[in-house]
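>>> Return a 3D structure for these sequence lines:
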Amino acid sequence: CVCVCVFTCYWSFTFYSLYKNQIGDMGAETFADALRVNTTLTWLNLSQAWITTTGAVALANALTVNVTLKTLFLGSNKIEEEGGRAFVEMLKVNMMMTGLEFPHASISDALYVEIKVLLTDPVRAAWAAGEADTKPAREIPVEAKRSREGDDPA
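Below you'll find the predicted structure:
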C-alpha cells in the first residue's frame, strides 16, 4: 500500500487521512504494523476505507502499544461486535486515545456505550494531558442508550 509506505517513511506526520481510500483489511493490517512503531501521528481518518472487523482488530491491537495516536475515525466501514470489543480492550490499556468514532458500525448499543464511557472518563483526559499518575478504575454502565449525533468526522 503506497499510503502506508509514505506514512512509514515520513515520520513527522501528525495528521493523516485516507478517507474514501479502499485500503481494506490488508491495508489496515499493514497500517497497524506501521502504527506499532510510529511516534508522531496524533489524528487518523480511515473512514469509508473498506475495513471490516479483521482490519479493526489489527488496528486496535496495534493501538495497545501506540500511545501517540489520540483520535481515530473509522466511520462507514464494516466493523462488527468483535471489532468493537477489540477497541474496548484497547481503550482499557491505552489511556492516550481520547477520540474514537465509527458510526454506522454493526455493534450493539451496550458496546457503543461502553466505548463512549471509556472515552469520556475525566481521568482519561487528565491522563492524556499528563496530569494523572494512575489509570481509572470504574465499572462501565451498559444499559444506557447511545446517541450517534455528532459522530461523523466530516
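
>>> quick one: Gln22 from Met95, how far?
32 Å (Cβ to Cβ, to the nearest Å). No exception for glycine: its C-beta is placed from N, CA and C like everyone else's.

>>> more crowded one of the two?
Neighbour count, other Cβ atoms under 10 Å: between Gln22 and Met95, Met95 has more, with 20 against 10.

>>> which stretch of helix or strand covers the residue lying closest to the more buried one once chain neighbours are set aside?
Closest residue to Met95 in three dimensions, ignoring its sequence neighbours and counting by Cβ to Cβ, 6 or more residues apart in numbering: Trp127, at 4.1 Å. According to DSSP states H and E, Trp127 maps onto helix 122-128.

>>> can you give me the offset of that helix from its chain's centre?
Remark: helix 122-128 is offset 16 Å from the chain centroid, using Cα atoms, centre = their mean, to the nearest Å.

>>> What residues of it count as buried?
For helix 122-128, burial by neighbour count (16 or more other Cβ atoms under 10 Å) applies to Arg124, Trp127, Ala128.

>>> In this structure the last one contacts Gly99, no?
No - checked against Cβ atoms under 8 Å, the pair Ala128 and Gly99 is beyond contact range at 9.9 Å.
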